[in-house]
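Colleague: here is my input; please provide its structure:
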Amino acid sequence: MRPFVDLKLTVGCVVLAVGALVSSQAHAHGGLSMAEDMCKLTVGSYTMHFSGYQPENTQQQQFCEDIPATGQTIVVLDYIEAELRALPADVRIIQDTGSEENLEAITVFHLPAKVYPNGSIDFAHTFDKPGKFVGIVTVGDKMEHISKFPFSVGEPKFYSKFLNIYMFPVAAVLIVLGIVFFMRDRKPSHPAAS
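Modeller: From the prediction side, this is the model:
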């Protein structure tokens with residue numbers, strides 16, 4: 001009887017672990033992270049609130065990291081610290097080639113250094129093709145504060161693909177196994193006839 005109870009506990013733990021894995025949504029991604037339902041970009045010792053939108057594809061839905069589809073993309077960076085309003089900021093998007101040796105050749109978008117006294121940088125860029133990119137935000141009089149964050153455009157993450165393909169069959173098998181294991185040790189409610 002004891003081994004069966006141990007097996008039930010093990011199955012229960014596995015089901016909880018899979019549930020926790022499937023439900024985890026927030027994770028760090030380069031200089032971007034989710035905190036208190038807000039996407040924060042860390043630039044040196046400063047932070048900015050990052051918001052991305054694709055009006056043609058997702059209407060008002062905001063994304064934080066990877067861009068869901070190709071097309072026009074609007075990005076808004078709101079300063080969190082007031083000191084940033086007096087510092088020049090430079091924004092660049094490059095193709096992720098693994099090397100930044102020839103920066104100009106791999107740049108797909110560049111917003112030259114400028115002071116934003118209103119505390120907000122916003123720009124629009126149209127991504128024509130899916131792919132992997134790196135965003136670079138540089139801040140400071142000597143451009144000493146830098147944040148680099150990789151992201152993809154129009155490419156589902158492996159984790160998402162895996163969950164979409166295997167989540168339902170795995171969940172169904174776990175539920176059936178759980179029912180079988182929990183029902184196995186139940187005794188019939190009426191005594192057997194002699």
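Colleague: confirm residue 146 sits in a strand?
Modeller: Yes. Under DSSP: H, G, I helix; E, B strand; the rest coil, residue 146 falls within a strand.
Colleague: what about the spatially closest residue to it that is not a sequence neighbour, how many residues nearby?
Modeller: Once flanking residues are discounted, residue 146 sits nearest to residue 138: 5.1 Å by C-beta to C-beta, 6 or more residues apart in numbering. C-beta: built from backbone N, CA, C; applies to glycine. Neighbouring residues of residue 138 were enumerated by other C-beta atoms under 10 Å; the total is 19.
Colleague: let me see the contact set for residue 122.
Modeller: Contacts for residue 122 were tallied using C-beta atoms under 8 Å, 6 or more residues apart in numbering; they are 74-77.
Colleague: show me these that map onto strands.
Modeller: Those of the contacts of residue 122 mapping onto strands are 74-77, per DSSP state E.
Colleague: by neighbours, which of these wins?
Modeller: residue 77 (24 neighbours).
Colleague: doesn't residue 147 make contact with that residue?
Modeller: No. Taking contacts as C-beta atoms under 8 Å, residue 77 lies outside contact range of residue 147: 10.1 Å.
Colleague: so what sits against both of these two?
Modeller: Shared contacts of residue 77 and residue 147 (C-beta under 8 Å, 6+ apart): 41, 137.
Colleague: bridging residues for residue 107?
Modeller: As for beta bridges, residue 107 partners with residue 94 under DSSP bridges.
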